[in-house]
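In: next come a sequence and a model predicted from it.
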Amino acid sequence: MVTQVLKRPQPWTPARQADAVLSILRGEATVEEVAGAHGLDPGEVEGWRARFLEAGAAALAGAPPRAAGAMRGDRRVCRDVTEAVGRTPLVRLNRVVEGFPGEVWAKLEFMNPMGSVKDRLGKHLVERAAADGRLAPGGTLVEASSGNTAMGLGMMAVLRGYRCKVAVRDRTSKEKVDALRAIGVEVEVVDGALPPDHPESYARVIERIVRETPGAYFPDQHNNRENNEAHYLTTGPELWEQMDGEVDYFVAGMGTGGTISGVARYLKERDPRVKVIAVDPVGSVFAEYFRTRRLGAPAPYLVEGLGDDSLCACVEWDLIDDVFTVRDRDAFQGARDLARDDAILAGGSSGAALWGVRELIRRLDGFPARIATLFPDGAGRYMSKVFNDDWLATRGLL
Ligand SMILES: Cc1ncc(COP(=O)(O)O)c(C=O)c1O
(Lines give C-alpha, C1' and ligand atoms only; values in the text may rest on other atoms or scores of the structure.)
Protein backbone atom coordinates (compact mmCIF):
# COMPACT_ATOMS: atom_id res chain seq x y z
CA MET A 1 0.00 0.00 0.00
CA VAL A 2 1.39 3.37 -0.96
CA THR A 3 1.32 5.96 1.78
CA GLN A 4 -0.27 9.16 0.61
CA VAL A 5 2.06 12.13 0.90
CA LEU A 6 0.57 15.32 2.25
CA LYS A 7 1.37 18.33 0.08
CA ARG A 8 0.93 21.27 2.33
CA PRO A 9 3.41 23.96 3.30
CA GLN A 10 5.05 23.46 6.67
CA PRO A 11 3.76 25.94 9.27
CA TRP A 12 6.21 28.33 10.89
CA THR A 13 5.85 27.06 14.43
CA PRO A 14 7.85 28.81 17.19
CA ALA A 15 10.32 25.90 17.10
CA ARG A 16 10.91 26.33 13.35
CA GLN A 17 11.23 30.08 13.73
CA ALA A 18 13.82 29.52 16.47
CA ASP A 19 15.78 27.16 14.19
CA ALA A 20 15.81 29.78 11.43
CA VAL A 21 16.90 32.54 13.82
CA LEU A 22 19.69 30.35 15.17
CA SER A 23 21.02 29.76 11.67
CA ILE A 24 21.07 33.55 11.17
CA LEU A 25 22.79 34.22 14.52
CA ARG A 26 25.40 31.56 13.72
CA GLY A 27 26.12 33.28 10.42
CA GLU A 28 24.98 30.30 8.35
CA ALA A 29 22.44 32.41 6.45
CA THR A 30 21.30 36.03 6.25
CA VAL A 31 17.78 37.26 6.97
CA GLU A 32 17.31 37.77 3.23
CA GLU A 33 18.54 34.28 2.40
CA VAL A 34 16.20 32.62 4.90
CA ALA A 35 13.28 34.72 3.61
CA GLY A 36 14.18 34.00 -0.04
CA ALA A 37 14.54 30.24 0.52
CA HIS A 38 11.02 29.98 1.96
CA GLY A 39 9.17 32.67 0.02
CA LEU A 40 8.78 34.88 3.12
CA ASP A 41 8.86 38.64 3.57
CA PRO A 42 12.32 39.60 5.01
CA GLY A 43 10.54 41.93 7.45
CA GLU A 44 8.78 38.94 8.98
CA VAL A 45 12.04 37.04 9.48
CA GLU A 46 13.66 40.18 10.93
CA GLY A 47 10.71 40.36 13.37
CA TRP A 48 11.40 36.81 14.58
CA ARG A 49 15.07 37.66 15.02
CA ALA A 50 14.29 40.75 17.10
CA ARG A 51 11.80 38.86 19.24
CA PHE A 52 14.16 35.98 20.00
CA LEU A 53 17.05 38.35 20.78
CA GLU A 54 14.85 40.24 23.21
CA ALA A 55 13.70 37.02 24.89
CA GLY A 56 17.32 35.86 25.20
CA ALA A 57 18.44 39.18 26.70
CA ALA A 58 15.56 39.13 29.19
CA ALA A 59 16.55 35.63 30.29
CA LEU A 60 20.19 36.69 30.73
CA ALA A 61 19.10 39.72 32.77
CA GLY A 62 17.35 37.34 35.16
CA ALA A 63 13.82 38.29 34.21
CA PRO A 64 11.28 35.62 35.24
CA PRO A 65 10.68 33.44 32.16
CA ARG A 66 7.02 32.89 32.98
CA ALA A 67 4.31 34.05 35.35
CA ALA A 68 4.79 32.81 38.92
CA GLY A 69 1.66 30.64 38.75
CA ALA A 70 3.02 28.73 35.77
CA MET A 71 6.28 28.06 37.61
CA ARG A 72 4.42 26.42 40.46
CA GLY A 73 2.75 23.99 38.03
CA ASP A 74 6.09 23.19 36.39
CA ARG A 75 7.61 21.97 39.67
CA ARG A 76 5.65 18.74 39.42
CA VAL A 77 5.36 18.06 43.12
CA CYS A 78 3.44 14.77 43.53
CA ARG A 79 1.67 13.21 46.48
CA ASP A 80 2.55 9.76 45.14
CA VAL A 81 4.00 8.39 41.90
CA THR A 82 0.59 8.07 40.23
CA GLU A 83 0.60 11.86 39.95
CA ALA A 84 3.86 11.63 38.01
CA VAL A 85 2.20 9.56 35.26
CA GLY A 86 2.01 11.32 31.89
CA ARG A 87 3.15 14.78 30.78
CA THR A 88 6.22 13.07 29.30
CA PRO A 89 8.77 15.05 27.26
CA LEU A 90 8.61 15.31 23.48
CA VAL A 91 12.14 15.25 22.10
CA ARG A 92 13.34 15.98 18.60
CA LEU A 93 15.26 13.19 16.87
CA ASN A 94 18.45 14.47 15.32
CA ARG A 95 21.27 12.20 14.23
CA VAL A 96 19.11 9.09 13.80
CA VAL A 97 17.21 10.88 11.02
CA GLU A 98 20.08 12.99 9.71
CA GLY A 99 19.48 14.48 6.28
CA PHE A 100 15.68 14.44 6.56
CA PRO A 101 14.40 17.92 5.62
CA GLY A 102 11.33 17.63 7.87
CA GLU A 103 11.11 17.08 11.63
CA VAL A 104 10.71 13.98 13.77
CA TRP A 105 9.59 14.26 17.39
CA ALA A 106 9.39 11.37 19.86
CA LYS A 107 7.34 11.17 23.04
CA LEU A 108 9.55 9.55 25.68
CA GLU A 109 7.13 7.31 27.51
CA PHE A 110 9.88 5.53 29.43
CA MET A 111 9.97 8.67 31.59
CA ASN A 112 6.78 7.56 33.32
CA PRO A 113 7.39 6.46 36.95
CA MET A 114 7.29 2.69 36.31
CA GLY A 115 9.17 3.16 33.07
CA SER A 116 6.59 2.79 30.31
CA VAL A 117 3.57 4.14 28.45
CA LYS A 118 1.49 1.53 30.26
CA ASP A 119 1.55 3.50 33.52
CA ARG A 120 -1.17 5.61 31.93
CA LEU A 121 -3.18 2.48 31.41
CA GLY A 122 -2.66 1.01 34.88
CA LYS A 123 -3.83 4.26 36.44
CA HIS A 124 -6.83 4.75 34.16
CA LEU A 125 -8.12 1.16 34.20
CA VAL A 126 -7.88 0.85 37.97
CA GLU A 127 -9.40 4.25 38.70
CA ARG A 128 -12.31 3.51 36.36
CA ALA A 129 -13.01 0.05 37.72
CA ALA A 130 -12.69 1.18 41.36
CA ALA A 131 -15.08 4.07 40.72
CA ASP A 132 -17.89 1.92 39.29
CA GLY A 133 -17.46 -1.08 41.56
CA ARG A 134 -16.00 -3.62 39.11
CA LEU A 135 -12.92 -3.63 41.34
CA ALA A 136 -13.72 -4.06 45.03
CA PRO A 137 -11.46 -2.68 47.79
CA GLY A 138 -8.69 -5.18 48.47
CA GLY A 139 -9.41 -7.04 45.20
CA THR A 140 -6.86 -8.65 42.90
CA LEU A 141 -5.80 -7.23 39.55
CA VAL A 142 -5.21 -9.98 36.97
CA GLU A 143 -3.80 -9.34 33.50
CA ALA A 144 -1.99 -10.83 30.52
CA SER A 145 0.92 -8.52 29.76
CA SER A 146 4.27 -8.33 28.05
CA GLY A 147 5.34 -6.85 31.38
CA ASN A 148 4.70 -3.14 31.14
CA THR A 149 0.95 -3.09 31.79
CA ALA A 150 1.67 -5.38 34.69
CA MET A 151 4.07 -2.75 36.08
CA GLY A 152 1.40 -0.05 35.75
CA LEU A 153 -1.16 -2.25 37.50
CA GLY A 154 1.46 -3.24 40.09
CA MET A 155 2.01 0.44 40.86
CA MET A 156 -1.72 0.84 41.55
CA ALA A 157 -1.77 -2.37 43.61
CA VAL A 158 1.05 -1.13 45.87
CA LEU A 159 -0.48 2.30 46.37
CA ARG A 160 -4.20 1.48 46.52
CA GLY A 161 -4.13 -1.79 48.46
CA TYR A 162 -4.79 -4.48 45.82
CA ARG A 163 -3.01 -7.71 44.92
CA CYS A 164 -1.73 -8.14 41.38
CA LYS A 165 -1.26 -11.42 39.48
CA VAL A 166 -0.09 -11.52 35.88
CA ALA A 167 0.81 -13.97 33.13
CA VAL A 168 3.74 -13.06 30.88
CA ARG A 169 5.13 -14.94 27.89
CA ASP A 170 8.58 -16.47 28.25
CA ARG A 171 10.03 -13.95 25.78
CA THR A 172 9.50 -11.23 28.43
CA SER A 173 12.92 -10.02 29.59
CA LYS A 174 14.36 -11.04 32.95
CA GLU A 175 14.66 -7.38 33.83
CA LYS A 176 10.89 -6.91 33.52
CA VAL A 177 10.06 -10.04 35.51
CA ASP A 178 12.53 -8.99 38.23
CA ALA A 179 11.03 -5.48 38.38
CA LEU A 180 7.51 -6.93 38.66
CA ARG A 181 8.54 -9.17 41.55
CA ALA A 182 10.33 -6.22 43.17
CA ILE A 183 7.02 -4.36 43.51
CA GLY A 184 5.23 -7.47 44.75
CA VAL A 185 3.46 -8.60 41.57
CA GLU A 186 2.85 -12.37 41.36
CA VAL A 187 4.14 -13.48 37.97
CA GLU A 188 3.34 -16.66 36.02
CA VAL A 189 5.66 -17.18 33.04
CA VAL A 190 3.91 -18.97 30.15
CA ASP A 191 5.33 -20.82 27.13
CA GLY A 192 4.65 -18.25 24.40
CA ALA A 193 4.96 -20.82 21.61
CA LEU A 194 1.75 -22.60 22.62
CA PRO A 195 -1.26 -21.95 20.34
CA PRO A 196 -4.06 -19.83 21.85
CA ASP A 197 -6.38 -22.87 22.32
CA HIS A 198 -3.76 -24.92 24.25
CA PRO A 199 -4.77 -25.31 27.95
CA GLU A 200 -1.45 -23.82 29.11
CA SER A 201 -1.44 -20.93 26.58
CA TYR A 202 -1.20 -17.26 27.57
CA ALA A 203 -4.96 -16.71 27.10
CA ARG A 204 -6.00 -19.91 28.89
CA VAL A 205 -3.69 -19.38 31.87
CA ILE A 206 -5.26 -15.98 32.43
CA GLU A 207 -8.75 -17.49 32.30
CA ARG A 208 -7.66 -19.99 34.94
CA ILE A 209 -6.15 -17.33 37.23
CA VAL A 210 -9.33 -15.24 36.99
CA ARG A 211 -11.47 -18.31 37.77
CA GLU A 212 -9.39 -19.35 40.76
CA THR A 213 -8.89 -15.90 42.34
CA PRO A 214 -11.68 -14.55 44.58
CA GLY A 215 -12.26 -10.81 44.03
CA ALA A 216 -10.36 -10.87 40.72
CA TYR A 217 -10.67 -7.94 38.35
CA PHE A 218 -9.40 -8.68 34.83
CA PRO A 219 -9.13 -5.36 32.95
CA ASP A 220 -8.46 -7.29 29.69
CA GLN A 221 -6.22 -4.65 28.13
CA HIS A 222 -6.43 -6.33 24.70
CA ASN A 223 -10.20 -6.01 24.37
CA ASN A 224 -11.21 -3.24 26.77
CA ARG A 225 -11.61 0.07 24.96
CA GLU A 226 -10.85 1.90 28.21
CA ASN A 227 -7.29 1.14 27.14
CA ASN A 228 -7.74 3.35 24.05
CA GLU A 229 -9.59 5.90 26.15
CA ALA A 230 -6.55 6.36 28.44
CA HIS A 231 -4.55 7.50 25.41
CA TYR A 232 -7.39 9.51 23.90
CA LEU A 233 -7.63 11.44 27.17
CA THR A 234 -3.93 11.93 27.93
CA THR A 235 -1.29 10.83 25.37
CA GLY A 236 -3.12 12.27 22.36
CA PRO A 237 -3.84 15.74 23.80
CA GLU A 238 -0.30 16.03 25.20
CA LEU A 239 1.20 15.15 21.84
CA TRP A 240 -1.08 17.53 19.96
CA GLU A 241 -0.18 20.38 22.28
CA GLN A 242 3.54 19.61 22.25
CA MET A 243 3.51 19.48 18.43
CA ASP A 244 1.85 22.93 18.32
CA GLY A 245 -1.11 21.31 16.56
CA GLU A 246 0.97 20.54 13.47
CA VAL A 247 1.27 16.81 12.80
CA ASP A 248 1.46 15.20 9.38
CA TYR A 249 2.16 11.62 10.49
CA PHE A 250 1.99 9.63 13.69
CA VAL A 251 4.05 6.43 13.64
CA ALA A 252 3.79 3.89 16.48
CA GLY A 253 4.02 0.23 17.31
CA MET A 254 0.88 -1.78 17.94
CA GLY A 255 0.54 -4.41 20.69
CA THR A 256 -2.98 -4.21 22.11
CA GLY A 257 -3.49 -1.29 19.71
CA GLY A 258 -4.62 0.94 22.58
CA THR A 259 -1.90 3.56 22.25
CA ILE A 260 -2.07 3.99 18.50
CA SER A 261 -5.88 3.93 18.36
CA GLY A 262 -6.42 6.36 21.24
CA VAL A 263 -3.82 8.80 19.97
CA ALA A 264 -5.02 8.44 16.36
CA ARG A 265 -8.61 9.19 17.31
CA TYR A 266 -7.62 12.36 19.14
CA LEU A 267 -5.24 13.61 16.43
CA LYS A 268 -7.67 12.89 13.59
CA GLU A 269 -10.48 14.65 15.41
CA ARG A 270 -8.28 17.72 15.65
CA ASP A 271 -7.01 17.46 12.07
CA PRO A 272 -8.43 14.78 9.73
CA ARG A 273 -5.36 15.13 7.47
CA VAL A 274 -3.12 13.40 10.04
CA LYS A 275 -1.94 10.01 8.74
CA VAL A 276 -1.35 7.18 11.17
CA ILE A 277 1.15 4.39 10.50
CA ALA A 278 1.39 1.28 12.63
CA VAL A 279 4.51 -0.86 12.94
CA ASP A 280 4.05 -4.61 13.31
CA PRO A 281 6.72 -7.33 13.66
CA VAL A 282 7.25 -10.07 11.09
CA GLY A 283 5.42 -13.08 12.58
CA SER A 284 2.50 -11.10 14.03
CA VAL A 285 -0.91 -11.48 12.36
CA PHE A 286 -1.87 -7.77 12.36
CA ALA A 287 -0.19 -6.54 9.16
CA GLU A 288 -1.64 -9.25 6.95
CA TYR A 289 -5.07 -8.73 8.49
CA PHE A 290 -4.83 -5.00 7.71
CA ARG A 291 -3.96 -5.70 4.06
CA THR A 292 -6.26 -8.64 3.31
CA ARG A 293 -8.74 -8.84 6.21
CA ARG A 294 -7.58 -12.44 6.55
CA LEU A 295 -5.81 -14.04 9.48
CA GLY A 296 -2.43 -15.50 8.53
CA ALA A 297 -0.39 -18.04 10.46
CA PRO A 298 1.62 -16.52 13.31
CA ALA A 299 5.38 -17.16 13.60
CA PRO A 300 7.81 -16.57 16.49
CA TYR A 301 9.58 -13.22 16.86
CA LEU A 302 11.64 -11.57 19.57
CA VAL A 303 10.65 -7.92 19.89
CA GLU A 304 8.55 -7.45 23.05
CA GLY A 305 5.27 -5.59 23.35
CA LEU A 306 4.34 -5.51 19.66
CA GLY A 307 2.08 -7.65 17.48
CA ASP A 308 0.20 -10.80 18.46
CA ASP A 309 -0.77 -14.28 17.30
CA SER A 310 -4.48 -13.40 17.24
CA LEU A 311 -6.59 -10.27 16.78
CA CYS A 312 -7.82 -8.17 19.67
CA ALA A 313 -10.66 -5.69 19.95
CA CYS A 314 -8.66 -2.60 20.90
CA VAL A 315 -7.16 -2.15 17.44
CA GLU A 316 -9.36 0.38 15.62
CA TRP A 317 -8.49 -0.49 12.03
CA ASP A 318 -10.43 2.40 10.52
CA LEU A 319 -8.05 4.85 12.23
CA ILE A 320 -4.91 3.27 10.77
CA ASP A 321 -3.76 4.35 7.32
CA ASP A 322 -0.91 1.92 6.78
CA VAL A 323 0.99 -0.87 8.53
CA PHE A 324 4.73 -1.34 8.07
CA THR A 325 6.25 -4.72 8.88
CA VAL A 326 9.50 -4.67 10.87
CA ARG A 327 12.09 -7.43 11.34
CA ASP A 328 13.57 -8.10 14.80
CA ARG A 329 16.99 -7.17 13.46
CA ASP A 330 15.84 -3.71 12.31
CA ALA A 331 13.91 -3.03 15.52
CA PHE A 332 16.93 -3.90 17.68
CA GLN A 333 19.33 -1.95 15.48
CA GLY A 334 16.99 1.05 15.76
CA ALA A 335 17.12 0.89 19.57
CA ARG A 336 20.92 0.69 19.49
CA ASP A 337 21.11 3.64 17.08
CA LEU A 338 18.89 5.73 19.37
CA ALA A 339 21.30 5.11 22.25
CA ARG A 340 24.50 5.70 20.30
CA ASP A 341 23.39 8.59 18.10
CA ASP A 342 20.83 10.58 20.09
CA ALA A 343 21.49 9.35 23.67
CA ILE A 344 17.94 8.06 23.94
CA LEU A 345 17.86 4.88 26.01
CA ALA A 346 14.75 3.19 24.65
CA GLY A 347 13.62 -0.43 24.20
CA GLY A 348 13.14 -2.71 21.19
CA SER A 349 9.64 -1.54 20.34
CA SER A 350 10.97 2.04 20.24
CA GLY A 351 13.62 0.82 17.82
CA ALA A 352 10.78 -0.65 15.75
CA ALA A 353 9.01 2.74 15.79
CA LEU A 354 12.23 4.42 14.67
CA TRP A 355 12.54 1.91 11.84
CA GLY A 356 8.95 2.79 10.84
CA VAL A 357 9.84 6.49 10.84
CA ARG A 358 12.89 5.85 8.66
CA GLU A 359 10.83 3.76 6.25
CA LEU A 360 8.27 6.59 6.05
CA ILE A 361 11.07 9.12 5.41
CA ARG A 362 12.33 6.93 2.58
CA ARG A 363 8.84 6.85 1.01
CA LEU A 364 8.35 10.61 1.50
CA ASP A 365 11.29 11.08 -0.86
CA GLY A 366 12.41 14.52 0.33
CA PHE A 367 9.04 15.89 1.44
CA PRO A 368 9.60 17.82 4.70
CA ALA A 369 6.80 16.37 6.84
CA ARG A 370 6.36 16.79 10.58
CA ILE A 371 6.39 13.29 12.05
CA ALA A 372 5.50 12.32 15.60
CA THR A 373 6.36 8.98 17.16
CA LEU A 374 6.29 7.42 20.61
CA PHE A 375 8.87 5.38 22.51
CA PRO A 376 6.98 3.05 24.89
CA ASP A 377 9.69 1.90 27.27
CA GLY A 378 13.38 2.14 28.13
CA ALA A 379 16.59 0.30 27.27
CA GLY A 380 17.16 -0.74 30.89
CA ARG A 381 14.53 -3.45 30.48
CA TYR A 382 16.54 -5.09 27.68
CA MET A 383 20.19 -4.90 28.72
CA SER A 384 20.38 -8.70 28.69
CA LYS A 385 18.88 -8.85 25.18
CA VAL A 386 18.76 -5.95 22.70
CA PHE A 387 21.90 -4.38 24.16
CA ASN A 388 23.80 -7.63 24.70
CA ASP A 389 26.03 -8.53 21.74
CA ASP A 390 26.26 -12.20 22.72
CA TRP A 391 22.49 -12.57 22.92
CA LEU A 392 22.08 -10.94 19.51
CA ALA A 393 24.93 -12.90 17.93
CA THR A 394 23.53 -16.24 19.15
CA ARG A 395 20.33 -15.42 17.29
CA GLY A 396 22.08 -14.23 14.16
CA LEU A 397 20.93 -10.66 14.72
CA LEU A 398 24.23 -8.81 15.04
C1 LIG B 1 7.39 -2.22 25.08
C2 LIG B 1 6.06 -2.02 24.46
N3 LIG B 1 5.96 -1.37 23.30
C4 LIG B 1 4.79 -1.19 22.69
C5 LIG B 1 3.61 -1.66 23.21
C6 LIG B 1 2.34 -1.47 22.44
O7 LIG B 1 1.42 -0.64 23.05
P8 LIG B 1 -0.13 -0.92 22.86
O9 LIG B 1 -0.45 -2.16 23.64
O10 LIG B 1 -0.82 0.27 23.41
O11 LIG B 1 -0.40 -1.14 21.41
C12 LIG B 1 3.67 -2.36 24.42
C13 LIG B 1 2.47 -2.95 24.98
O14 LIG B 1 2.51 -3.80 25.83
C15 LIG B 1 4.92 -2.54 25.07
O16 LIG B 1 5.02 -3.19 26.22
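Out: Everything's here; your move. None of these values were measured; they are calculated from a predicted model.

In: which residues of the protein fall in strands?
Out: Applying DSSP state E to the chain gives strands spanning 90-92, 103-108, 140-144, 163-169, 186-190, 216-217, 249-253, 275-281, 322-326, 370-375.

In: could I get those in JSON lines, plus columns for mean pLDDT and distance to C314?
Out: Backbone N, C-alpha and C define where each C-beta goes, glycine included. Shown next, in JSON lines, are the strands of the chain (pLDDT from 0 to 100; distance: least, Cβ to Cβ, whole Å):
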{"stretch": "strand 90-92", "mean pLDDT": "98", "distance to C314": "24"}
{"stretch": "strand 103-108", "mean pLDDT": "98", "distance to C314": "19"}
{"stretch": "strand 140-144", "mean pLDDT": "97", "distance to C314": "13"}
{"stretch": "strand 163-169", "mean pLDDT": "97", "distance to C314": "18"}
{"stretch": "strand 186-190", "mean pLDDT": "97", "distance to C314": "20"}
{"stretch": "strand 216-217", "mean pLDDT": "98", "distance to C314": "18"}
{"stretch": "strand 249-253", "mean pLDDT": "98", "distance to C314": "13"}
{"stretch": "strand 275-281", "mean pLDDT": "98", "distance to C314": "12"}
{"stretch": "strand 322-326", "mean pLDDT": "98", "distance to C314": "15"}
{"stretch": "strand 370-375", "mean pLDDT": "98", "distance to C314": "16"}
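
In: which helix runs longest in this protein?
Out: The longest helix of the chain (DSSP state H) is helix 42-60.

In: phi and psi next, for the residue in the stretch 201-350 of the chain that the ligand sits nearest to.
Out: Here the stretch 201-350 of the chain gets closest to the ligand at one residue, G305, 2.4 Å apart by Cβ to the nearest ligand atom. Torsion angles at G305 (phi, psi; degrees, to the nearest 10) stand at phi 90, psi -20.

In: pretty sure N227 contacts L121?
Out: Yes - the pair N227 / L121 is scored as a contact, 5.8 Å apart, by Cβ atoms under 8 Å.

In: give the residues shared as contacts by these two.
Out: Residues touching both N227 and L121 (Cβ atoms under 8 Å, 6 or more residues apart in numbering) are 221, 258.

In: those two: which is more packed in?
Out: Taking neighbours as other Cβ atoms under 10 Å, N227 and L121 compare with L121 leading, 32 against 28.

In: residues in contact with that one?
Out: 149, 152, 221, 227, 230, 258.

In: mind checking pLDDT for the closest residue in space to A20 that isn't next to it in sequence?
Out: Distance criterion Cβ to Cβ, 6 or more residues apart in numbering; nearest residue to A20, sequence neighbours excluded, is V34 at 5.1 Å. Model confidence at V34, given as pLDDT, is 88.

In: burial count for V34?
Out: 22.

In: enumerate the residues of the protein near the ligand.
Out: Counting by Cβ under 6 Å from any ligand atom, the chain comes close to the ligand at 118, 146, 148-149, 253-260, 304-306, 347, 349, 376-377.

In: just the ones of those in helices?
Out: In helices, judged by DSSP H, the following of those are found: 118, 148-149, 258-260, 349.

In: buried among the residues you listed? Make that a PyMOL selection.
Out: Selection command for PyMOL covering only the buried members of these, criterion 16 or more other Cβ atoms under 10 Å:
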select buried, resi 118+148+149+258+259+260+349
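
In: give me the below-cutoff pLDDT ranges for this structure.
Out: Low-confidence segments of the chain (pLDDT under 70): 1-9, 57-74.

In: identify the residues contacting the closest residue to the ligand within the stretch 101-250 of the chain.
Out: Residue nearest to the ligand within the stretch 101-250 of the chain: N148 (3.8 Å; Cβ to the nearest ligand atom). The contact partners of N148, by Cβ under 8 Å, 6+ apart, come to 114-118, 176, 305, 376-377.

In: between those residues, which is nearest E316?
Out: Nearest to E316 out of the contacts of N148 is V117 (Cβ to Cβ; 17.1 Å).

In: find the nearest non-adjacent residue to the closest one, please.
Out: Using Cβ to Cβ, 6+ apart and skipping residues adjacent in sequence, the residue nearest V117 is E109, 3.7 Å away.

In: what do you get for E103?
Out: Per Cβ to Cβ, 6+ apart, closest to E103 is R370, 5.1 Å.

In: pretty sure that neighbour contacts G102?
Out: Yes - under the criterion of Cβ under 8 Å, R370 makes contact with G102 at 6.0 Å.

In: what about the closest residue to S145 other than its chain neighbours, neighbour count?
Out: Closest residue to S145 apart from its sequence neighbours, by Cβ to Cβ, 6+ apart: V166 at 5.2 Å. Using other Cβ under 10 Å, V166 has 26 neighbouring residues.

In: surely V166 meets A144?
Out: Yes - with contacts counted by Cβ under 8 Å, V166 reaches A144, the gap being 7.1 Å.

In: can you give me the helices in the stretch 251-398 of the chain?
Out: Along the stretch 251-398 of the chain, the stretches classed as helices by DSSP state H, counting those that start in this stretch are 258-270, 286-292, 328-342, 348-364, 389-394.

In: would you list these in JSON lines and tack on distance to G43?
Out: Shown next, in JSON lines, are the helices of the stretch 251-398 of the chain (distance: least, Cβ to Cβ, whole Å):
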{"stretch": "helix 258-270", "distance to G43": "31"}
{"stretch": "helix 286-292", "distance to G43": "49"}
{"stretch": "helix 328-342", "distance to G43": "36"}
{"stretch": "helix 348-364", "distance to G43": "32"}
{"stretch": "helix 389-394", "distance to G43": "55"}
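
In: please identify which of the ones you listed is closest to P196.
Out: Closest among the helices of the stretch 251-398 of the chain, once you apply Cβ to Cβ, is helix 286-292, at 14.8 Å.

In: so how far is that closest one from its chain's centroid?
Out: 21 Å (Cα atoms, centre = their mean, to the nearest Å).

In: same deal with stretch 363-372?
Out: For stretch 363-372, the distance to the chain centre is 19 Å (Cα atoms, centre = their mean).

In: likewise for stretch 213-223?
Out: Counting by Cα atoms, centre = their mean, stretch 213-223 comes out at 24 Å from the chain centroid.

In: mind listing what's buried along it?
Out: The neighbour-count check on stretch 213-223 (16+ other Cβ under 10 Å) flags 213, 216-222 as buried.
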